[in-house]
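1. next comes the sequence, and after it the predicted model I'd like to discuss.
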Amino acid sequence: MAEFPKVDLMAIGAHPDDVEVGCGGLLIKLAERGYRTGLVYLTRGEMGTGGTPEIREQEALRAADIMGSKILATLDYGDCQVMDNYQNRLEIARIIRRHKPKIILAPYWQGGHGKRAGHPDHLATGQIAINAANYATLKKLPIDEEPHSISAMFHFFLPPEISPTFIVDITNQFDRWIEALSAHKSQFLNPEKNRDYLWSLESMARANGNLIGTKYGQAYGIGEPIKIEDIFCLIGICQRIPDLG
């Protein structure tokens, strides 16, 4: 059986650049701390206003390098055709088993009328990720790799009506995040587009940062409770159990 690189965290997006937009700053921060991060894209982004699938592939490779991440897979489910179905769940479950992440990041799976949060591909990607993580644990499914259970799944692209569960300070990673986004020139630096995407994303990061008293932040949601042993770790203070003897 082929050897596949193990990652600590896997970020799943529908299109090349989704992961950079939703969690690029976090991925950079994790790479700086020594964590191994990997990216999975479910489409080649062929319906994007700018660029070809080949151009977008090269842009994604440059962005991944900037973020310190490895592209684990670029699939071809069809831009604007991503569906949560049995075969797609199996394929993502197989990728999860191969790379054995502890955490998965994926788009929020419901609602939203926003152009970004409400894209059907994003919603379907979130649903696939949730179901594939479940499938990855089931021994009798027709997948060769050994079952694997992740520790947690967190969601980006939160719709406006959903408050973040937590926000990560990316102030020190902001410049590299913008560099990673700018690698997607066909999307964010395209003179044919009349919207300043980088300004919009910076504004969003400033708004999130303001909620936690920092300059820039990226926001995430949790779909189900997670197990916590030491609540001080939630505020960045993890300590050993003191000796009370």
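-> Received, thanks. Numbering: from 1, shown residues only.

2. tell me the average confidence for stretch 205-216?
-> The average of the pLDDT scores along stretch 205-216 is 98.

3. first-to-last residue distance for it?
-> Taking Cα to Cα, to the nearest Å, stretch 205-216 runs 5 Å from one end to the other.

4. ranges for the helices of this structure?
-> Under the criterion DSSP state H, helices of the chain are mapped to 18-32, 53-67, 86-99, 120-135, 174-182, 185-188, 197-211.

5. would you single out the least confident of the ones you listed?
-> helix 185-188 (a mean of 90).

6. dump it to PDB, keeping only the CA atoms.
-> Below are the C-alpha coordinates for helix 185-188, written out as PDB (Å, rounded to 0.1, in the frame of the first residue of the first chain):
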ATOM      1  CA  LYS A 185      -4.200  36.700  -9.200                       C
ATOM      2  CA  SER A 186      -7.000  35.500 -11.500                       C
ATOM      3  CA  GLN A 187      -9.500  35.900  -8.700                       C
ATOM      4  CA  PHE A 188      -8.400  38.700  -6.400                       C
END
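
7. for it, packing partners?
-> Where contact means 3 or more Cβ pairs under 8 Å, 6 or more residues apart in numbering; DSSP states H and E, helix 185-188 is packed against helix 53-67, helix 197-211. Bear in mind the C-beta positions are built from the backbone N, C-alpha and C, glycine included.

8. quick one: buried residues of that helix?
-> Neighbour counts over helix 185-188 (16 or more other Cβ atoms under 10 Å) mark Ser186, Gln187, Phe188 as buried.

9. now tabulate those in a markdown table and tack on distance to Thr171.
-> Below are those laid out as a markdown table (distance: Cβ to Cβ, whole Å):
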| residue | distance to Thr171 |
| --- | --- |
| Ser186 | 28 |
| Gln187 | 24 |
| Phe188 | 21 |
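
10. please identify the most buried of the helices of the chain.
-> helix 18-32 (a mean of 25; mean count of other Cβ atoms under 10 Å).

11. what's it packed up against?
-> strand 9-13, strand 37-41, helix 53-67, strand 103-107, strand 166-169, helix 174-182, strand 217-222.

12. which one of the ones you listed lies nearest to Ile95?
-> Ile95 lies closest, by Cβ to Cβ, to one member of the helices and strands packed on helix 18-32: strand 37-41, at 6.0 Å.

13. average pLDDT across that closest one?
-> Mean predicted confidence for strand 37-41 is 98.

14. tilt between it and strand 9-13?
-> Put simply, strand 37-41 runs at 20 degrees to strand 9-13, going by axes from the mean of the first three to the mean of the last three Cα atoms, to 10 degrees.

15. strand 37-41 packs against which elements?
-> strand 9-13, helix 18-32, helix 53-67, strand 70-74, helix 86-99.

16. distance from the chain centre to it, please.
-> Strand 37-41 has its C-alpha centroid displaced from the chain centroid by 8 Å (Cα atoms, centre = their mean, to the nearest Å).
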